[in-house]
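Novice: sequence isn't available, so here's the structure alone:
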């Protein structure tokens, strides 16, 4: 997370003794505290980070027990709250980083191989790929969701896009096309490598898009009140999608999941409705873990699965 009022990038971990914090980079770009960087843990629970620094560089960092190691991957536009890179690790703990390139405005993918970093262009549309979210399938192939913003003759066009890499290279496609729709997209894959995406509709709230063997499907997520900050927690063992969001009308932190026939929501707390940024995940037992930032940075977790 980013240190409040300073921008220092902090890594925090919890063990039996409590929370431990360390500064990773004091040159990180100031950003919303839990949304300006991306964290992944490898098979040995070692942290890997991707973020933007104050020089608008895309940086990958990893810790190996001897300290932190850094690689600069490219240059991005200095707006980390919606252009922060996305990060995923493959079965060999090798990193994949998706980011928007400053010079070409193209969506790019950097990934590590034995001979060093490799780079590919995912989508070369001049409007770039905002809010990238990255996942790797069971075959190791990357999939990315992202937002495309176009402004033509005083007319705003928003696209939710998705790209997967196959034998013929990258295959970008538009999933949802409308004014004021597609921002803040979060991607997860199910056990069959089918993509599931939650994203923002400025008029209707949250939307959910998923693909199965018959094609793409979309629906509005029935939230309580007016959703503010949100994040996709993941899919549980039954394939049910879980999200967390802030109900700005009730000033409450919520968790919602999609059952076989409909969505269900429950209130996590009525004391954390001031959250302006959310991050989180489900653990192996389907329990939610949420980081909430507002005046303070809070960690909230479920002691049991709530479904």
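Specialist: Thanks, I have the structure now. From a predicted model like this one, the values you see are computed outputs, not experimental measurements.

Novice: surely residue 51 is in contact with residue 38?
Specialist: Yes. Assessed by CB atoms under 8 Å, residue 51 is found in contact with residue 38 at 7.0 Å. (Each C-beta comes from the backbone N, C-alpha and C, glycine too.)

Novice: more crowded one of these two?
Specialist: Just comparing residue 51 and residue 38: by other CB atoms under 10 Å the higher neighbour count belongs to residue 51, 25 against 21.

Novice: chain center to the strand or helix carrying that one, what's the gap?
Specialist: Assigning secondary structure by DSSP states H and E places residue 51 in strand 47-52. Distance of strand 47-52 from its chain centroid, counting by CA atoms, centre = their mean, to the nearest Å, is 12 Å.

Novice: partner strands of that strand, with direction?
Specialist: For strand 47-52, the paired strands and their directions (DSSP bridges) read strand 37-41 (antiparallel), strand 57-63 (antiparallel).

Novice: please tabulate those strands in JSON lines, including the columns mean pLDDT.
Specialist: Putting those into JSON lines (pLDDT from 0 to 100) gives the following:
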{"stretch": "strand 37-41", "mean pLDDT": "92"}
{"stretch": "strand 57-63", "mean pLDDT": "93"}
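
Novice: now for those, which one comes closest to residue 261?
Specialist: strand 37-41 (33.4 Å; CB to CB).

Novice: neighbouring contacts of that closest one?
Specialist: With contacts defined as CB atoms under 8 Å, 6 or more residues apart in numbering, strand 37-41 is touched by 1-2, 9, 11, 28, 31, 47-51, 84-89, 95.

Novice: could you redo the last one with a cut-off of 7 Å?
Specialist: Where contact means CB atoms under 7 Å, 6 or more residues apart in numbering, the residues beyond strand 37-41 that reach it are 9, 47-51, 84-89.

Novice: among those residues, find the lowest-pLDDT one for me.
Specialist: Lowest in pLDDT among these is residue 84, which has 81.

Novice: quick one: the helices in the chain?
Specialist: 80-83 (DSSP state H).

Novice: where does it have its least confident helix or strand?
Specialist: For the chain, the helix or strand with the lowest mean confidence is helix 80-83, at a mean of 54 (criterion: mean pLDDT, DSSP states H and E).

Novice: on that earlier part again, closest to residue 24 out of the strands paired with strand 47-52?
Specialist: Set against residue 24 and scored by CB to CB, these come closest in strand 57-63, at 5.9 Å.

Novice: residue 86 touches residue 133, doesn't it?
Specialist: Yes. With contact defined as CB atoms under 7 Å, residue 86 and residue 133 form a contacting pair (5.3 Å).

Novice: okay, now residue 58: neighbour count?
Specialist: Using other CB under 10 Å: residue 58 sits among 26 other residues.

Novice: that one and residue 71 touch, don't they?
Specialist: No. At 9.3 Å, residue 58 and residue 71 do not qualify as touching, with contact defined as CB under 7 Å.

Novice: what's the per-residue pLDDT of the closest residue to residue 233 other than its chain neighbours here?
Specialist: Nearest non-adjacent residue to residue 233, counting by CB to CB, 6 or more residues apart in numbering: residue 242, 4.2 Å away. In this prediction, residue 242 carries a pLDDT score of 95.
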